[in-house]
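K.L.:
need a structure here:
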Amino acid sequence: MSAPPDNTVFKGKVWSFTVETFSYTMTEDQITATASSQGEGEGPENTIDRSGLDEDDKHSILPTTMWLTAEGQTGPIWIQYEFDKTYKLHEMLVWNYNGPNVLWWFGIKEVVVEYSTDGINWYQVPDVNEFASATGRTGYATNITIPFDGVAAKYVRITATSNWSNGVFDQYGLSEVRFLYIPTYAREPNPDDEATDVAIDTTLSWRPGREAAEHNIYISTNQQAVIDGTATAMTVNQASYSPDLALGRTYFWRVDEVNNAEVTPIWEGDLFWTFGTQEYLVVDDFESYNDIPQGEENSNLVYLTWIDGYDNPSTNGSTMGYTSGASLDTETVRSGHSAPLMYNNTSAGISKITANTNNLQSGSDWTVGSPERLVLWIYGSADNPSTEQMYVEVDGVKKIFSGDISAEQWQDFTIDLTSLGINLSNVRSMTIGFEKTGATGGSGIVFIDDIRLYGVAPAPKIVYVDATDGQAGNTMLATGEVFMADDPGTTGSGADGLWRKRAGLSNDGTIFESGGDWGGNNVEDCPRLMTSVEVPEGNYDVYVYMWTGDTAPWRIAASLENSVGDLPLYICADPNGGTTLAVADDFEEPVPLLTESNRTLWQAYLGATGTTTTITVYIDDDANRPGVSGNGNDRTWYDGIGYKAVLPEE
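P.N.:
Alright, predicted model coming up:
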């Protein structure tokens, strides 16, 4: 209604909502059924699997959808139901045995129904002495309802003392039972159970148990402490809680629903739910910058955040970003954009860029999420001289980069935050610089990307290196001679003992093939190769990569050693072949091609190098291949190698 004087009435929309059902039906996976005996194919599990019910909950007359005792059983006749945990039971619906003709007489008549929380102490449901009979006709609806009135139970047992045959038959049975319970447990967790990459500022929430007056939350990175209830409990009055979460952690949590005014005051939650938090916070990923001129709307120039020496090159030889065209790089990147940083110490004493952390994405408080590592990624240039030492400085504390700025590959520069010895809750500045190691300086370029704060150091990923031939290639004959593969295009050829370059296929459009003669005996034996790559000094796990078609046993021999005799053999799609499918998440960017047509890329782990600056992998075909005529399914398709750094044990 509007204000006077017109008092106009504006008719509102009609909204609707649905109230949750009073009780919920247990499903088959929540119940285990056992019995005193059973006929063949007529076990107690038939009473909980809906096998005889139609969509309207009407039962059939098919005996194999019901439970029936064995003939001639002596002793107590019983069927028992065990739930996956204790429930507050509302009622039980029963469909008595509904066999055709007179077989419905097998149905239980005189009965005792009991319940228990421990399977030892049993309590009888009062005023339940007899089950109504079934009809013996298709379309039988339940006609038995047993009230439990909210008792807590994990077990229900039905004991029969007579059936509806009045002594004619000595077998007993039921068609179906259904248990309905009142939801008292915390459920429907948010984040979902086993969620990953959960934000550290997430508020946990859940659908509360119906009678809960308060909630005890147990959360810890210690799974057993949550299960045992020894983790510190937090009590809240609402179905949500905002914990202090750390980066890169796996958390376990449970919620106990509490109401001390009820007969059952505490309903303990499931053993645990779990989630993993985000791995890192971004300090700067160089994705928000643009080339809109300074002073214009939405301008965000990278060199105004990272202050360089462009205007005073004799004092500071750094330039942040390209000076013509786009300032950021889109080719040499880990993701999106990277920042090209040029340095020139031929006249300047130092080259450095500095940012006020308040202008960076992470801000100045580096304690949020309890990070332990500062990590930035560096890509060098082969033309960079060895006259400079790269460093990072945080609030005046300098850390030296131990990698190689001439290496044309992404390297992580990882800094232990505690080693800085500064107030991490108020970090003021970050500097990336190059200083001369001698009297004479040089100039060069590096690319910077993905400056991040990690809870734990990021796990190393595999760097893929495609095998190339020719004078400038990384692959040679194992004798040290130049390797130049024959190039027959995209078709298989010959059994002449020479590797063939298959063009237009796989990573970088080439693979090296042996044993690809589809029309011959396919027993080709090609010369041994070696693929080498220069790396920053370190210890590396090494892999070899090959292809197969469908699940064919294509193969490769490979080793880190140039052994006499046959090299170890690896076979694709063979459970005993020592190979696994290559997976995108295992690789550093750029991820290699993993599938092509009906073919897939497979990897074999060759071992660790020990401390080295050069990785060499020796490659061979299988001279002992079966050589099935006209098949080609034991061929070799060699594509490249991969390596990842082995982290030192802490």
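K.L.:
nearest residue to the middle of this structure?
P.N.:
By CA atoms, centre = their mean, the chain has its centre lying nearest to residue 196, at 6.6 Å.
K.L.:
skip the chain neighbours and tell me the closest residue to that residue.
P.N.:
Once flanking residues are discounted, residue 196 sits nearest to residue 276: 4.5 Å by CB to CB, 6 or more residues apart in numbering. C-betas here are computed from N, CA, C, even on glycine.
K.L.:
could you look up the SS state of residue 303?
P.N.:
Using DSSP: H, G, I helix; E, B strand; the rest coil, the structure places residue 303 in helix.
K.L.:
relative to the strand of greatest length in the chain, what are the paired strands and their orientations?
P.N.:
Residue-count comparison of every strand in the chain, with assignments taken from DSSP state E, identifies strand 77-96 as the longest. According to DSSP bridges, strand 77-96 forms sheet pairs with strand 31-35 (antiparallel), strand 144-147 (antiparallel), strand 152-160 (antiparallel), strand 173-182 (antiparallel).
K.L.:
any idea how far the last one is from the chain center?
P.N.:
Meaning strand 173-182. In this view, strand 173-182 has its centroid 38 Å away from the chain centroid, taken as CA atoms, centre = their mean, to the nearest Å.
K.L.:
go on, the third one?
P.N.:
Here strand 152-160 is found 41 Å from its chain centre; the criterion is CA atoms, centre = their mean.
K.L.:
returning to that earlier point: next SSE downstream of whichever strand or helix holds the residue nearest to residue 196?
P.N.:
Per DSSP states H and E: residue 276 is located in strand 273-277. Towards the C-terminus, the helix or strand next in line after strand 273-277, according to DSSP H and E, is strand 280-284.
K.L.:
packing partners of that next one?
P.N.:
In terms of contacts (3 or more CB pairs under 8 Å, 6 or more residues apart in numbering; DSSP states H and E), strand 280-284 is packed against strand 373-379, strand 443-454.
K.L.:
go ahead and produce CSV holding the CA coordinates of the longest one.
P.N.:
Just to be clear, that refers to strand 443-454. Provided in CSV are the C-alpha atoms of strand 443-454 (Å, rounded to 0.1, in the frame of the first residue of the first chain):
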residue,chain,number,x,y,z
SER,A,443,71.7,-7.7,-20.0
GLY,A,444,68.9,-10.1,-20.7
ILE,A,445,65.2,-11.0,-20.1
VAL,A,446,63.3,-13.3,-17.9
PHE,A,447,59.5,-14.0,-17.8
ILE,A,448,57.7,-13.8,-14.4
ASP,A,449,54.4,-15.6,-13.8
ASP,A,450,52.1,-16.9,-11.0
ILE,A,451,53.5,-15.3,-7.9
ARG,A,452,51.7,-17.2,-5.1
LEU,A,453,51.6,-17.9,-1.4
TYR,A,454,51.3,-21.7,-0.7
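K.L.:
sorry, back to before: so what's the residue nearest to residue 196 up against?
P.N.:
Shown in contact with residue 276 (CB atoms under 8 Å, 6 or more residues apart in numbering): 195, 196, 197, 198, 248, 249, 250, 251.
K.L.:
next secondary structure element downstream of the helix or strand of the chain with the lowest mean pLDDT?
P.N.:
Ranked by mean pLDDT, DSSP states H and E, the weakest helix or strand in the chain is strand 486-489, scoring a mean of 68. Going down the chain from strand 486-489, the next helix or strand is strand 500-503, by DSSP H and E.
K.L.:
what residues sit buried inside that following strand?
P.N.:
By neighbour count on 16 or more other CB atoms under 10 Å, the buried set for strand 500-503 is 500, 501, 502.
K.L.:
swap in stretch 555-566?
P.N.:
Residues of stretch 555-566 classed as buried: 555, 556, 557, 558, 559, 560 (neighbour count, 16+ other CB under 10 Å).
K.L.:
list of residues touching it?
P.N.:
Here stretch 555-566 has contacts from 478, 528, 530, 542, 544, 546, 567-572, 577, 604, 606-607, 609, 616-625, 634-636, 638, using CB under 8 Å, 6+ apart.
K.L.:
of these, keep whichever come out buried.
P.N.:
The neighbour-count test (16+ other CB under 10 Å) applied to those identifies 478, 528, 530, 542, 544, 546, 567-572, 604, 606, 609, 616-623, 625, 634-636, 638 as buried.
K.L.:
how about residues contacting stretch 574-585?
P.N.:
With CB under 8 Å, 6+ apart, stretch 574-585 has contacts from 545, 553, 555, 568, 570-573, 591-592, 594, 600-605.
K.L.:
err, stretch 474-492, not the other one
P.N.:
Contact partners of stretch 474-492, identified using CB under 8 Å, 6+ apart, comprise 465, 467-471, 473, 493-494, 498-505, 512-513, 516-518, 527-533, 562, 618-619, 632.
K.L.:
any idea how far that stretch is from the middle of the chain?
P.N.:
Here the centre of mass of C-alpha atoms in stretch 474-492, compared against the chain's by CA atoms, centre = their mean, lies 39 Å away.
K.L.:
pLDDT of whichever strand or helix holds residue 580, averaged?
P.N.:
Element membership for residue 580 (DSSP H and E) is strand 579-581. In this model, strand 579-581 has a mean pLDDT of 94.
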